[in-house]
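[1] Got a sequence here, can you build the structure:
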Amino acid sequence: MDNLNSQTFDYTNLPKIRIKDFIKDMKIAKEKLPLDINELVDNTSLERALNIPFKIFKEIHKKCGPHVFKNSKDNINERKIDDTYNLTILEFQKKEIEKKKLNGFKSKTSARNPPTKDFELIEYLKELKYPAQQKIRHPEAILTITFYPPNQIYSQSHIYPCQIATHVDQKFDVIGLNLLTSLKDKIYCNSDYGLCEDISEDPEKPASYFTKDIFKSGFFLIENTFYNDMRQNSNVDYSEIIIKWTSDPSIKSGPYLSQTMESTKFDDLEIVLGKPYMYLHQGDCQHLFIFSDLRLINRFDPHNELLYPIRTFIVSEKLKYCYVCGLNPTKYITFNDPHVPDEPSLFCKECYMCLHYNNERKKVGNFKAYHYKDRNTTLNTRRFSTFLK
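    Reported below is the predicted structural model:
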């Protein structure tokens, strides 16, 4: 709540969009336009439909048509450096391009190279076969939802407030038919895979449950309405105490409403594009998110409704390696470990077994151990499975 209220930008004057009304309005507008602009580029009826001179339209199509846009992987070798100026930075850029030509282009996500939709994934999904009854009925809206990393209220020292993370963490494409719960189940967060079961007595025992299997409650806060996940009888309505608190006239906030997430579809929502909303789960893990785009589905999108929501982007995390060998990725994390000076400590399987068990595989020392889970180990490492999971 504090994080949302701390935003200084005034969103009150921005128009609210009801998804159902958007689909209806776009359907009416689409009926007035030609069916396929690409097929009617040379047709003078397009000039009348768009109410712009046909010469201007041809120029726009030439510079902004689908043929212009390429994946950066395709045009990296076509990039040229202007030799007009003798600048040191240009020499560095030339060397970087030559390096990428030799080693192959690898995409990086940074502040200067913002995350984009994975077009190879979209093409892969479009080629999947599916029954006719799963085909999306037109017109249908696609919402692009951008999530930011979870914001902790206090830093580790519990003295200085943390800054809100501004880099993108995940992106999803959803359709109006999707329930809010379908998006909640696709959001990845490390706090959902918290440590629950001590496996120090049996290191080969697989993890049988995580925090997300115990604490399943959560809500989306969108336009003063809390959408709570109440699919399980044990789920808690996190918004109840907030609504009760804001009912006090001295609290200048609200009023707030409460609805269930499992009975609400995206086309029931009324949103403001670009306005920050909040997703809360695991008690106090808060994610800011925005609706960054709203459009009608087109021929470039997958038309199988069961594929949505589609995670079109997720930021990669730096792989954590074993504290002992520094070569292998982490598989175990220990606490109160007498064998190492660090608390907690991370181990690969080989180092963990050598340090903590004898030849008879009996535990040596009094410590607690858990399977280590992060984004790299939890999500399937195969390219497209990561996005579909």
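
[2] Residue 279 sits in which helix or strand?
    Applying DSSP states H and E as the criterion places residue 279 in strand 277-281.

[3] what is the orientation angle of the next helix-or-strand element following that strand with strand 277-281?
    Counting by DSSP H and E, the next helix or strand C-terminal to strand 277-281 is strand 285-296. Taking axes from the mean of the first three to the mean of the last three C-alpha atoms, to 10 degrees, one finds strand 285-296 and strand 277-281 inclined to each other by 130 degrees.

[4] Looking at the following helix or strand past strand 285-296 now, give me its mean pLDDT.
    Next in sequence after strand 285-296, counting helices and strands by DSSP H and E, comes strand 310-314. Averaged across strand 310-314, the pLDDT comes to 88.

[5] so what does strand 310-314 touch, helix or strand wise?
    Strand 310-314 sits against helix 119-126, strand 170-175, helix 385-388, with contacts defined as 3 or more C-beta pairs under 8 Å, 6 or more residues apart in numbering; DSSP states H and E. In short, each C-beta sits where N, CA and C put it, glycine included.

[6] Tell me the buried residues in the helix or strand that that strand is followed by?
    Proceeding C-terminally, strand 310-314 gives way to strand 332-335 as the next helix or strand, assigned by DSSP H and E. Buried residues in strand 332-335, counted by 16 or more other C-beta atoms under 10 Å: 332-334.

[7] roughly how far apart are residue 359 and residue 273?
    Residue 359 sits 63 Å away from residue 273, going by C-beta to C-beta, to the nearest Å.

[8] hmm, I was thinking of residue 14
    8 Å.

[9] go on, residue 21?
    14 Å.

[10] more crowded one of the two?
    Remark: of residue 21 and residue 273, residue 273 carries more neighbours, 15 against 12, as counted by other C-beta atoms under 10 Å.

[11] Flag whichever of the helices and strands packed on strand 310-314 has the least confidence on average.
    helix 385-388 (a mean of 48).

[12] Quick check: can you list the domain ranges of the protein?
    With domains defined by automatic domain parsing, the chain comprises 2-25+107-317+378-388, 33-64, 72-103, 332-373.

[13] and residue 28, what element?
    helix 19-31.

[14] buried sites along that helix?
    19-20, 22-23, 26.

[15] Then stretch 176-195?
    Those would be 176, 178-184, 186-195, for stretch 176-195 by 16+ other C-beta under 10 Å.

[16] before we move on, what about stretch 129-137?
    By 16+ other C-beta under 10 Å, the buried positions in stretch 129-137 come out as residue 136.

[17] got a list of contacts for it?
    The contact list for stretch 129-137, computed with C-beta atoms under 8 Å, 6 or more residues apart in numbering, reads 175, 177, 297, 303-306.

[18] May I ask which of those residues has the most neighbours?
    residue 175 (24 neighbours).

[19] Please enumerate the helices of the stretch 101-250 of the chain.
    Under the criterion DSSP state H, counting those that start in this stretch, the stretch 101-250 of the chain contains helices at 119-126, 180-184, 211-214, 239-246.

[20] mind checking how far the residue nearest the centre of the chain is from residue 281?
    In the chain, the C-alpha nearest the mean C-alpha coordinate belongs to residue 170, at 1.8 Å (C-alpha atoms, centre = their mean). According to C-beta to C-beta, residue 170 stands 14 Å off from residue 281.

[21] related to what we said a few turns ago, looking at the helices of the stretch 101-250 of the chain, which is buried most?
    helix 180-184 (a mean of 21; mean count of other C-beta atoms under 10 Å).

[22] Please name every helix or strand in contact with that one.
    For helix 180-184, the elements it packs on are strand 170-175, strand 218-222, judged by 3+ C-beta pairs under 8 Å, 6+ apart.

[23] between the longest one and strand 310-314, how many degrees?
    Think strand 170-175. Using the same axes, to 10 degrees: strand 170-175 against strand 310-314 is 160 degrees.

[24] same check, this time on the shortest one
    Regarding strand 218-222 and strand 310-314, their directions subtend 90 degrees when assessed with the same axes, to 10 degrees.

[25] for strand 218-222, the distance to its chain's centre please.
    16 Å (C-alpha atoms, centre = their mean, to the nearest Å).

[26] What mean pLDDT does that strand get?
    93.

[27] Output that strand in CSV with nothing but the alpha carbons.
    The C-alpha atoms that make up strand 218-222 are tabulated as CSV, following Å, rounded to 0.1, in the frame of the first residue of the first chain:
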residue,chain,number,x,y,z
GLY,A,218,-2.9,-13.7,-2.5
PHE,A,219,-4.6,-10.7,-4.2
PHE,A,220,-4.4,-8.3,-7.1
LEU,A,221,-5.2,-4.7,-6.3
ILE,A,222,-6.6,-3.1,-9.4
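
[28] Dump the buried residues of strand 332-335 into JSON lines; add distance to residue 292 and pLDDT as well.
    Supplementary listing: the buried residues of strand 332-335 in JSON lines, determined by distance: C-beta to C-beta, whole Å; pLDDT from 0 to 100:
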{"residue": "332", "distance to residue 292": "38", "pLDDT": "89"}
{"residue": "333", "distance to residue 292": "35", "pLDDT": "89"}
{"residue": "334", "distance to residue 292": "41", "pLDDT": "90"}
